[in-house]
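here's a sequence, model it:
(chains A and B)
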Amino acid sequence: DAKTTQPPSMDCAEGRAANLPCNHSTISGNEYVYWYRQIHSQGPQYIIHGLKNNETNEMASLIITEDRKSSTLILPHATLRDTAVYYCIVRINTGNQFYFGTGTSLTVIP
Amino acid sequence: GAVVSQHPSWVICKSGTSVKIECRSLDFQATTMFWYRQFPKQSLMLMATSNEGSKATYEQGVEKDKFLINHASLTLSTLTVTSAHPEDSSFYICSDLNRGSSYNEQFFGPGTRLTVL
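Numbering: from 1, shown residues only, chains lettered A, B, ... in the order given. Below is the predicted model:
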């Protein structure tokens, strides 16, 4: 079973920051938070992952709360091509399988 | 990043026939690959873990005799849907596991859309 809870859908204006929340209140100490996104009819694409520190890469930033029970994925300047379903997944670093939750359908509005 | 390919990208078949879907890891040798299924407007559901040189591990509720998985080489895993029926129509996605990376990243294929008439 998925260990994360995400809002089913969100809208964001083009050019603005998109903040996607994820609740993972039962996360274990050795579990990482991963974010993937899936554009319609394509395979999921890796975005970012983290353990407890905030992370940033060329695609996004990941903010993890101090108690690690929730996190937020930030797309700093959303574009129309960022319209996708965003999945937040927790998994131990040496683990194998990803179990996807329901994700958040983000729609970027012109 | 690493590339995973799937073939075919879409397939239409008659009920009762078998369909084989190939998943190739193009950038590294993947001893472990995964197969997912996704129905319209739903999330990805893990079906099985494909292990090179050994039997696949199936998730609970997935029929191993219906979804045959073969991982005969380090770069190729195949999923065969045997005696396909309309309820097997779905989007099938594979991924590979890069054990050589620092965090066991997974890369996903583009998916195969199966329609059973």
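
using the three-state scheme, assign residue B:80.
State at residue B:80, reduced to three classes by DSSP: H, G, I helix; E, B strand; the rest coil: strand.

the most centrally placed residue in chain B sits in which helix or strand?
Nearest residue to the geometric centre of chain B (C-alpha atoms, centre = their mean): residue B:35, 3.4 Å. Taking DSSP states H and E as the criterion, residue B:35 maps to strand B:32-38.

for chain B, which spans come out with low pLDDT?
Within chain B, the stretches with pLDDT under 70 are B:1-2, B:99-104.

tell me the residues of it that contact chain A?
B:1, B:4, B:6, B:32, B:34, B:36, B:43-46, B:49, B:91, B:93, B:95, B:97, B:103-111, B:113 (C-beta under 8 Å from any C-beta of the partner chain). (C-beta placed from N, C-alpha, C; glycine too.)

hey, what's the residue of chain B at minimum distance from chain A bridged with?
Of all residues in chain B, the one sitting closest to chain A is residue B:108 (3.5 Å; C-beta to the nearest C-beta). Beta-bridge partners recorded for residue B:108 (DSSP bridges): residue B:95.

please tell me I have it right and it contacts residue B:95.
Yes: counting by C-beta atoms under 8 Å, residue B:108 touches residue B:95, with 4.4 Å between them.

so what sits against both of these two?
Contact criterion C-beta atoms under 8 Å, 6 or more residues apart in numbering or on different chains; residues shared by residue B:108 and residue B:95: A:43-44, B:4.

most surrounded residue in these?
Tallying neighbours with other C-beta atoms under 10 Å in any protein chain shown puts residue A:44 at the head of those, with 28 neighbours.

now that one. Nearest residue, chain neighbours left out?
Take residue A:44 and drop its neighbours on the chain: the residue closest to it by C-beta to C-beta, 6 or more residues apart in numbering or on different chains is residue A:36, 4.2 Å away.

beta-bridge partners for the one you found, please?
residue A:46, residue A:87.

picking up where we left off before, if I look at the residue of chain B closest to chain A, how far off is residue A:102?
18 Å (C-beta to C-beta, to the nearest Å).

what does residue B:69 give?
26 Å.

what about the two, which has more around it?
residue B:69 (24 against 15).

looks to me like that one is in a strand.
Yes: per three-state DSSP, residue B:69 lies within a strand segment.

which ones are touching the closest residue to it other than its chain neighbours?
Ranked by C-beta to C-beta, 6+ apart and with sequence neighbours excluded, the top spatial neighbour of residue B:69 is residue B:56, at 3.9 Å. By C-beta under 8 Å, 6+ apart, residue B:56 lies in contact with B:48-50, B:64, B:69, B:71.

farthest pair in those residues?
B:64 and B:71 (13.7 Å; C-beta to C-beta).

so these two - more neighbours on which side?
Applying other C-beta under 10 Å to residue B:64 and residue B:71 shows that residue B:71 carries more neighbours, namely 22 against 13.

show me where the chain has its strands.
Since you didn't name a chain, this refers to chain A. A:9-13, A:18-23, A:31-38, A:45-50, A:55-56, A:61-64, A:70-75, A:84-92, A:104-109 (DSSP state E).

chain B was what I was after
Counting by DSSP E, the strands of chain B are B:4-7, B:10-13, B:19-25, B:32-38, B:45-51, B:57-58, B:67-73, B:76-81, B:90-97, B:106-108, B:112-116.
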